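[1] Model the following, please.
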Amino acid sequence: MDIRSVLTITFLGHLLNHSLTLIYPVVMIQLATLYPQSSLTTFGLLGTVHYLLYGLGAFPAGWLTDRLGARNILLIYFFGSAAAVVYLVLAPGLINLAVGLALLGLFCALYHPSGLTLISHTSQRISRHLGIHGVAGSVGLTLGPLVGGAVAAWFGWRAPFVLFGFLAAAAGIYLGFSSVNDTAHQSPSHPQAQRATLIRPLIYCYLIGIFMGLAHRGTLNFLPLHFSQVFEGTLAPVMVGGFLTALVLACGILGQTLGGVWGDRYPRYRIMVIVVALNIPFLILMTVTRGYILVLTALFWGVVNFAYQPIANALISDFSNPRQRGTLFGILNGLTFGVGALAATLAGAIGDRWGTVAIFAAMGVLLLPAVAAGLLLRRESAAVSID
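    Here you go, the predicted structure:
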């Protein structure tokens, strides 16, 4: 199967996935005005519901991918996400908002195990192609707050959900008429058919994913609000928060590109720990800087944070047999996004007590165990030969 066809559909799927899941932190600014009696902890809890199912849903999604095929799971993802948006924008009240966000998170959870599996079964340059795939996610993360903030400012908080939900349905129709499939990996002649699944290196990868997921989600969930507070009085808060967060996430495009290139050029298990460790100083600096220095620091954090992703996903492919890969990708994404979702409530509680500035220092501290796991991965993997 042509890798270009696979990259086209996964580019669309990844872009829309992250756009849909990053609309809420931006429109939360408007929701806080609409429901003034609710605290940051409450809105953080809504985010936790959304992202917890987004993460935990990856576990069954990976298992289903190995059994039903990545193409079928991708179709359910596209059309299910569009249906969840319909419920979210039509049902009134915070409780129904939570239900709609939960459904959207659950359907969006189907994407990563199926999309990553499809690429891994087809690509001969896994890290570089996962870097391209990651660029799509960063574009989606950029468009989510940028377009979401602008559309919400003009038409209200429901409008950006409607826009991206419609695009998801259109992408599902495109996939339905395409020839993309994922059956080649089942052949004994597949180049990776004899690759063994190595448990201990995978465990270290999963530990890193847990703590990176916590730091990533805790930071991004409250970054738009923090920017709107720091630059208060310039433009509409929702536009300030959305625009500046979009700039940070746009730097993820560079990070994904660099991660893909580095992952093909150098041993991935060696550079993993370096990329993870580089996140910490920038998160700490975000607690002590203000104004445009804060924005510049956050931009550098965006680069190093997203450089991690293609390297991490390529390592799962390195240490796994293709017939089990959907399940193993599902475990990584389930742990990264599922456990990481808890950081939304944790960060909200920290923000209520010490202000949003304290959130970033806490997220930096959470990455110390990830660095330790990265060092263990490097030692464990040094003698492993990857075919």
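[2] Could you work out the end-to-end span of stretch 320-330 for me?
    13 Å (Cα to Cα, to the nearest Å).
[3] Show me how far that stretch is from its chain's centre.
    19 Å (Cα atoms, centre = their mean, to the nearest Å).
[4] pLDDT (mean, whole number) over that stretch?
    Across stretch 320-330, pLDDT averages out at 85.
[5] got the residue ranges for the helices in the stretch 1-150 of the chain?
    For the stretch 1-150 of the chain, applying DSSP state H, counting those that start in this stretch gives helices covering 3-21, 23-34, 40-56, 58-68, 70-90, 93-108, 111-122, 126-155.
[6] Flag every buried residue along the second one.
    Within helix 23-34, the residues that qualify as buried are 23, 24, 25, 26, 27, 28, 29, 30, 31, 32, counting by 16 or more other Cβ atoms under 10 Å. All C-beta spots, glycine's among them, are computed from the backbone N, C-alpha and C.
[7] Distance check, the fourth one against residue 216.
    When distances are taken as Cβ to Cβ, to the nearest Å, residue 26 and residue 216 turn out to be 16 Å apart.
[8] Return the closest of the buried residues of helix 23-34 with respect to residue 282.
    The nearest member of those to residue 282, counting by Cβ to Cβ, is residue 25 at 19.3 Å.
[9] so who does the closest one touch?
    Contact partners of residue 25, counting by Cβ atoms under 8 Å, 6 or more residues apart in numbering, are 47, 145, 220, 221, 222, 223, 224, 225, 245.
[10] out of the residues you listed, who has the most neighbours?
    Within the contacts of residue 25, neighbour counts (other Cβ atoms under 10 Å) peak at residue 145, which reaches 32 neighbours.
[11] And the furthest pair within the buried residues of helix 23-34?
    23 and 32 (14.9 Å).
[12] Skipping its backbone neighbours, what lies nearest residue 77 in space?
    Nearest residue to residue 77, sequence neighbours excluded (Cβ to Cβ, 6 or more residues apart in numbering): residue 110, at 3.9 Å.
[13] And for residue 337?
    Sequence neighbours aside, residue 55 is the residue nearest to residue 337 in space, at 3.1 Å (criterion: Cβ to Cβ, 6+ apart).
[14] And the one you found, how far from residue 324?
    When distance is defined by Cβ to Cβ, residue 55 is 20 Å away from residue 324.
[15] and these two? which has more neighbours close in?
    Neighbour totals were compared for residue 55 and residue 324, and residue 55 leads with 24 against 14 (other Cβ under 10 Å).
[16] Surely that one and residue 341 touch.
    Yes: look at residue 55 against residue 341 with Cβ atoms under 8 Å: they come within range, at 5.3 Å.
[17] Give me the neighbour count for residue 371.
    Residues near residue 371, counting by other Cβ under 10 Å: 18.
[18] Give me the distance between it and residue 216.
    Distance, residue 371 to residue 216, by Cβ to Cβ: 15 Å.
[19] same question, residue 167
    For residue 167, the distance to residue 216 equals 24 Å [Cβ to Cβ].
[20] Could you check which of those two has the larger neighbour count?
    Taking neighbours as other Cβ under 10 Å, residue 167 and residue 216 compare with residue 216 leading, 23 against 19.
[21] And the more buried one, how far from residue 279?
    For residue 216, the distance to residue 279 - Cβ to Cβ - is 9 Å.
[22] Now the common contact residues for these two.
    Jointly contacting residue 216 and residue 279 under the rule Cβ under 8 Å, 6+ apart are residue 305.
[23] Run through the stretch 251-387 of the chain and note the low-pLDDT ranges.
    Counting by pLDDT under 70, the stretch 251-387 of the chain has low-confidence residues at 382-387.
[24] Please, where are all the strands along it?
    Taking DSSP state E, counting those that start in this stretch, the stretch 251-387 of the chain contains no strands at all.
[25] what's next to stretch 259-278, contact-wise?
    Stretch 259-278 is contacted from outside by 125-132, 134, 201, 208, 212, 304, 306-312, 314-315, 318, 367, 370-371, 374-375, 377-378, 381-382, 384, using Cβ under 8 Å, 6+ apart.
[26] How about residue 206: what's its closest non-neighbour residue?
    Distance criterion Cβ to Cβ, 6+ apart; nearest residue to residue 206, sequence neighbours excluded, is residue 335 at 5.3 Å.
[27] and that neighbour, what is it in contact with?
    Going by Cβ under 8 Å, 6+ apart, residue 335 touches 55, 206, 209, 210, 213.
[28] That's all I had, so thanks and see you.
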